[in-house]
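A.B. asks: Sequence first, then the predicted structure:
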Amino acid sequence: MQTQKLDLSKVTISEKSQTILDEAQKNLGFVPNMYKTMAGNTSLLDGYSYIYDSFRKNSGFTPVEQEVVLLSISYFNNCEYCMAAHSFIGDNMTNVPKEVTNAIRNGKTIPDDKLNALSVFTKAMTEKRGWASQEDVDAFFNAGYNEADVLGVVTGISVKTLSNYSNHLAQPELDETFAGRKWSKS
């Protein structure tokens, strides 16, 4: 489903948003187009940046598990930009096995039982808007996860909801860096 694209050409970038964009340039070597569209509202870009950083540092998940969470949410929400970006990050920065990213991208079972349980639970939490069933939680726990991990999934959903929803509305052009992992749901 395609929405009306927002025209952000008249939006003024605040000093705080510009600082975040400058930091992204320094850290990544470029400013992702998604950040540029988010910069149209300082609370969005600042909130996203803060939660994303905290998820990476404090969720308790390994970098591979983090990508499974972020890709699973983006898959469920059909966010083409985030699917491409996190596939690239998984492949090139967090060492996610390609068969894992490809399974998520193709809506298939992940060939690792624990990571598959993480993906299934993450999608269930996203679809049910946090109202996971006892069966969902039990299956997640039976795979080796715990209560703190449930809350880590909530954090992942929070950060990806910010980016997925704003991307649906702003439709940022896919950065050249991520183009090799361009994606659309079949």
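C.D. replies: Nice, I can see it. Numbers count the residues shown, from 1 in each chain.
A.B. asks: which residues touch the helix or strand where residue 161 lies?
C.D. replies: Element membership of residue 161 [criterion: DSSP states H and E] is helix 147-170. Helix 147-170 has contacts (Cβ atoms under 8 Å, 6 or more residues apart in numbering) with 3-6, 8, 34, 37-38, 40, 44, 47-48, 51-52, 54-55, 59-61, 66, 69-70, 73-74, 77, 79-82, 118, 121-122, 125-126, 130, 132, 137, 140. C-beta: built from backbone N, CA, C; applies to glycine.
A.B. asks: From these, which land in helices?
C.D. replies: Within the contacts of helix 147-170, residues falling in helices by DSSP state H are 34, 37-38, 44, 47-48, 51-52, 54-55, 66, 69-70, 73-74, 80-82, 118, 121-122, 125-126, 137, 140.
A.B. asks: still on that earlier bit, narrow the contacts of helix 147-170 to those that are buried.
C.D. replies: The neighbour-count test (16 or more other Cβ atoms under 10 Å) applied to the contacts of helix 147-170 identifies 8, 34, 37-38, 40, 44, 48, 51-52, 55, 59, 61, 66, 69-70, 73-74, 77, 79-82, 118, 121-122, 125-126, 132, 137, 140 as buried.
A.B. asks: Apart from its neighbours in sequence, what residue is nearest the most centrally placed residue in the chain?
C.D. replies: In the chain, the C-alpha closest to the average C-alpha coordinate belongs to residue 70, at a distance of 3.6 Å (Cα atoms, centre = their mean). Distance criterion Cβ to Cβ, 6 or more residues apart in numbering; nearest residue to residue 70, sequence neighbours excluded, is residue 86 at 4.9 Å.
A.B. asks: where does that neighbour fall, phi/psi-wise?
C.D. replies: Recorded main-chain torsions at residue 86 are phi -80, psi -20, according to degrees, to the nearest 10.
A.B. asks: got a pLDDT number for residue 1?
C.D. replies: The per-residue pLDDT reported for residue 1 equals 57.
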